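Novice: pasting the structure only:
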């Protein structure tokens with residue numbers, strides 16, 4: 001296992017590399033995003049801005065997206081690119097440059113990541129809606145419908161209900177332009193139903209008002225009149241006197257047409273005249289004049305028919321002239337579009353060259369990273385192997401120490417038994433004259449003492465062998481271990497930050513430590529407190545395993561009560577061990593746990 005210290009260094013190196021390659025700071029990113037948002041506010045409030053205002057943000061976010069390393073999330077970059085290119089398209093749109101607007105909108109779409117859950121679907125819906133509007137202005141109604149479909153789809157994904165319905169409504173107007181009247185009526189009625197469903201009654205009334213003329217052309221006058229009434233009462237376009245908002249006077253002509261078809265010529269004349277008087281554009285003038293001409297034809301007033309027919313003819317010529325101008329503008333736009341495509345082609349070629357250059361740089365970086373990773377791997381592999389050997393030796397060293405303490409404990413127990421048997425022999429000898437069978441008992445006790453002494457001798461020989469093994473292992477450990485710090489603060493920090501110490505804190509007032517946990521504690525001492533370990537495990541003191549464990553926990557900073565819980569012994573027993581260690585190791589005739597703790601802390 002790679003030491004934690006090296007892992008931290010390795011991670012720090014990766015972070016530094018990331019910072020070097022990802023030069024953009026979070027402060028820069030926030031500043032650029034705030035600037036982009038400010039332009040978006042101008043767009044939404046119909047205030048002017050130019051393509052030059054937007055280009056710095058496009059350059060910034062496109063550069064971030066192409067960077068080999070970046071501190072920004074890919075989702076954030078894609079959404080920022082989407083917004084920046086959309087705003088550039090809006091700037092061209094307002095400038096009247098439809099081809100460049102379309103190209104910018106297409107770039108915005110290309111940068112959107114629709115596979116991501118964080119994709120800004122609402123913004124993407126607006127891009128398709130703007131493209132649909134441009135195609136409508138160009139008379140490309142099938143292209144308009146294709147973009148409307150995508151705009152509606154992404155509006156629903158973005159949970160933008162009103163945008164989804166408004167864009168869906170535009171499809172009805174496109175079908176009307178294509179001559180598909182039934183499809184137009186179906187869509188407008190369907191979208192009106194949805195407007196009502198989601199709580200937009202005025203929008204529903206506005207939509208239904210737009211198909212009144214189409215319904216009357218199909219002979220559905222009752223439905224047309226119902227929709228016109230809804231339009232007048234719920235659209236919000238009429239004042240208290242029944243006058244419609246400026247720019248919407250075409251409705252007067254639709255209403256005049258309804259009354260004309262119903263045979264109510266006076267009412268028809270009233271509404272046609274109102275359209276003619278209030279609607280000043282070519283469409284309203286032509287519609288009003290044609291309507292009045294039809295009314296006077298029904299009344300057989302030839303002079304009036306001729307007058308309004310002539311005026312309608314003149315307005316019709318003006319409309320055609322205006323449409324011809326628009327057609328020429330569209331043709332010029334298509335020419336410009338071809339020119340822009342050629343420019344775009346050259347830009348694409350330069351982009352491909354730039355892409356190849358970036359790929360070569362990326363490949364070189366990957367080779368460098370691969371070689372660096374291999375070198376680092378080899379370094380850590382050697383260290384890892386050395387660490388494994390060190391841990392194996394450490395295990396053996398710790399186990400041998402444990403066996404020595406256990407052997408000492410058995411030897412002490414047998415010495416106690418030997419003393420008891422010797423005393424019993426002396427007692428029996430005193431009674432030899434009183435009881436004849438005592439001699440036999442004496443012989444039995446002497447044999448027992450002989451066997452116990454042989455066993456104790458065996459333990460002492462084993463202890464001696466183990467001590468030799470300990471010295472050998474200790475020398476071997478010193479070869480593996482790096483130079484151990486004698487700095488007290490560093491020792492304390494290493495102990496307190498260890499997982500073992502954290503586990504002790506969790507269990508200090510709750511439960512007893514198991515053998516595995518005690519082993520981990522002894523290893524912590526062995527690796528960080530060599531002087532402590534050397535003194536207490538010295539052969540001259542004959543300390544037992546329990547004695548060592550009490551001293552170890554005192555050195556870790558635990559109190560007598562906590563130690564009694566951790567070792568599963570009584571508090572008086574802890575006190576007895578403290579007195580014993582003070583007397584045997586430190587030659588103190590008095591004192592307790594506090595005094596022993598103070599002396600143990602001096603061993604570092």
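Specialist: Yep, it's here. Everything quoted here is computed from the prediction, not taken from an experiment. Residues are numbered from 1 along each chain as shown.
Novice: Who are the contact partners of the closest residue to residue 298 other than its chain neighbours?
Specialist: Once flanking residues are discounted, residue 298 sits nearest to residue 265: 5.9 Å by C-beta to C-beta, 6 or more residues apart in numbering. Yep, even glycine has a C-beta here, placed from its N, CA and C like the rest. Contact analysis of residue 265 by C-beta atoms under 8 Å, 6 or more residues apart in numbering lists 259, 295, 298-299.
Novice: can you pull the contacts of residue 294?
Specialist: Counted by C-beta under 8 Å, 6+ apart, residue 294 has contacts residue 260.
Novice: and the gap between it and residue 221?
Specialist: The spacing between residue 294 and residue 221, counted by C-beta to C-beta, to the nearest Å, is 16 Å.
Novice: before we move on, what about residue 98?
Specialist: 40 Å.
Novice: With neighbour numbers in mind, choose between the two.
Specialist: residue 98 (22 against 14; other C-beta atoms under 10 Å).
Novice: isn't that one right next to residue 134, touching?
Specialist: Yes: between residue 98 and residue 134 there is a contact at 5.4 Å, judged by C-beta atoms under 8 Å.
Novice: now for the helix or strand where residue 223 lies, which elements pack on it?
Specialist: Here residue 223 sits within helix 221-234, counting by DSSP states H and E. Helix 221-234 sits against helix 201-209, helix 212-217, helix 250-261, with contacts defined as 3 or more C-beta pairs under 8 Å, 6 or more residues apart in numbering; DSSP states H and E.
Novice: what residues does that helix touch?
Specialist: 201-202, 204-206, 208-209, 211-213, 215-216, 237-238, 242, 251, 254-255, 258, 261-262.
Novice: Now do that helix and helix 201-209, the angle between them.
Specialist: Taking axes from the mean of the first three to the mean of the last three C-alpha atoms, to 10 degrees, one finds helix 221-234 and helix 201-209 inclined to each other by 150 degrees.
Novice: tell me the mean pLDDT over helix 221-234?
Specialist: Throughout helix 221-234, pLDDT has a mean value of 93.
Novice: same question, stretch 163-181
Specialist: If you average the pLDDT over stretch 163-181, you get 94.
Novice: Repeat that for stretch 362-370.
Specialist: Stretch 362-370 comes out at a mean pLDDT of 84.
Novice: Identify each buried residue in it, please.
Specialist: Buried residues in stretch 362-370, counting neighbours by 16 or more other C-beta atoms under 10 Å, are absent.
Novice: Now residue 587, what are its backbone angles?
Specialist: phi 60, psi 40 (degrees, to the nearest 10).
Novice: so how many other residues sit close to residue 143?
Specialist: For residue 143, the tally of surrounding residues (other C-beta under 10 Å) stands at 17.
Novice: List the contacts of it.
Specialist: The neighbours of residue 143, taking C-beta under 8 Å, 6+ apart as the test, are 132, 135.
Novice: which stretch of helix or strand covers it?
Specialist: Per DSSP H and E: helix 141-157 holds residue 143.
Novice: cool, residue 62 as well?
Specialist: helix 51-66.
Novice: The helices and strands packed on helix 221-234 into JSON lines, with extra columns for mean pLDDT?
Specialist: Shown next, in JSON lines, are those (pLDDT from 0 to 100):
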{"stretch": "helix 201-209", "mean pLDDT": "94"}
{"stretch": "helix 212-217", "mean pLDDT": "92"}
{"stretch": "helix 250-261", "mean pLDDT": "89"}
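Novice: For residue 393, which of these is the nearest?
Specialist: Checking the helices and strands packed on helix 221-234 against residue 393 by C-beta to C-beta gives helix 201-209 as the closest, at 82.1 Å.
Novice: now that closest one and helix 250-261, what's the angle there?
Specialist: 50 degrees.
Novice: Looking only at helix 201-209, what residues are buried by neighbour count?
Specialist: In helix 201-209, counting by 16+ other C-beta under 10 Å, buried: 203-209.
Novice: Determine the set of other helices and strands touching that helix.
Specialist: Judged by 3+ C-beta pairs under 8 Å, 6+ apart, helix 201-209 is in contact with helix 161-177, helix 181-197, helix 221-234.
Novice: Give me the contact list for that helix.
Specialist: 162, 165-166, 169, 172, 188-189, 191-193, 195-196, 227-228, 230-231, 233-237, 251.
Novice: Now a ChimeraX select for only the buried ones of those.
Specialist: Filtering these down to the buried ones (16+ other C-beta under 10 Å) takes a single ChimeraX command:
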select :165,166,169,172,188,189,191,192,195,227,228,230,231,234,235,237,251
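Novice: C-terminal to the strand or helix carrying residue 88, what's the next element?
Specialist: Assigned by DSSP H and E, residue 88 belongs to helix 74-95. Later in the chain than helix 74-95, the nearest helix or strand by DSSP H and E is helix 98-111.
Novice: Packing partners of that next one?
Specialist: Checked by 3+ C-beta pairs under 8 Å, 6+ apart, helix 98-111 has helix 74-95, helix 121-137, helix 302-430 packed alongside it.
Novice: Please spell out which residues along the first one are buried.
Specialist: Of all the residues in helix 74-95, those buried under the rule 16+ other C-beta under 10 Å are 76-93.
Novice: Hey, what's the angle from the one helix or strand residue 292 maps to to helix 250-261? Just curious.
Specialist: According to DSSP H and E, residue 292 maps onto helix 282-299. With the same axes, to 10 degrees applied, the angle from helix 282-299 to helix 250-261 works out at 20 degrees.
Novice: Only the buried residues of helix 282-299, if you could.
Specialist: Result for helix 282-299 [16+ other C-beta under 10 Å]: buried residues 282, 284-296.
Novice: do stretch 246-253 as well
Specialist: 248-253.
Novice: Stretch 494-509 now?
Specialist: Within stretch 494-509, the residues scored as buried using 16+ other C-beta under 10 Å are 494-495, 498, 500-501, 504, 508.
Novice: now, among the residues you listed, which is nearest to residue 597?
Specialist: residue 495 (14.4 Å).
Novice: Mind listing what's buried along the helix holding residue 62?
Specialist: By neighbour count with 16+ other C-beta under 10 Å, helix 51-66 contains the buried residues 51, 53-54, 57-58, 60-62, 64.
Novice: Turn these into CSV, columns for pLDDT and distance to residue 269.
Specialist: Output for the buried residues of helix 51-66, formatted as CSV (pLDDT from 0 to 100; distance: C-beta to C-beta, whole Å):
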residue, pLDDT, distance to residue 269
51, 93, 51
53, 94, 52
54, 93, 53
57, 92, 57
58, 91, 57
60, 89, 63
61, 87, 61
62, 85, 62
64, 79, 66
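Novice: Export those as a markdown table, with columns for distance to residue 579.
Specialist: What follows is those, written out as a markdown table (distance: C-beta to C-beta, whole Å):
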| residue | distance to residue 579 |
| --- | --- |
| 51 | 90 |
| 53 | 86 |
| 54 | 84 |
| 57 | 79 |
| 58 | 82 |
| 60 | 75 |
| 61 | 75 |
| 62 | 78 |
| 64 | 71 |
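Novice: Looking at these, spot the one nearest residue 29.
Specialist: For these, the minimum distance to residue 29 (C-beta to C-beta) is 7.7 Å, reached by residue 64.
Novice: how close does the closest one sit to residue 570?
Specialist: Note on residue 64: its distance to residue 570, by C-beta to C-beta, is 68 Å.
Novice: Equivalent analysis for residue 223, please.
Specialist: Relative to residue 570, and taking C-beta to C-beta, residue 223 is found at 98 Å.
Novice: just residue 157 next, same as before
Specialist: 70 Å.
Novice: More neighbours: the two, which one.
Specialist: Ranked by neighbour count (other C-beta under 10 Å), residue 157 and residue 570 place residue 157 first, with 15 against 10.
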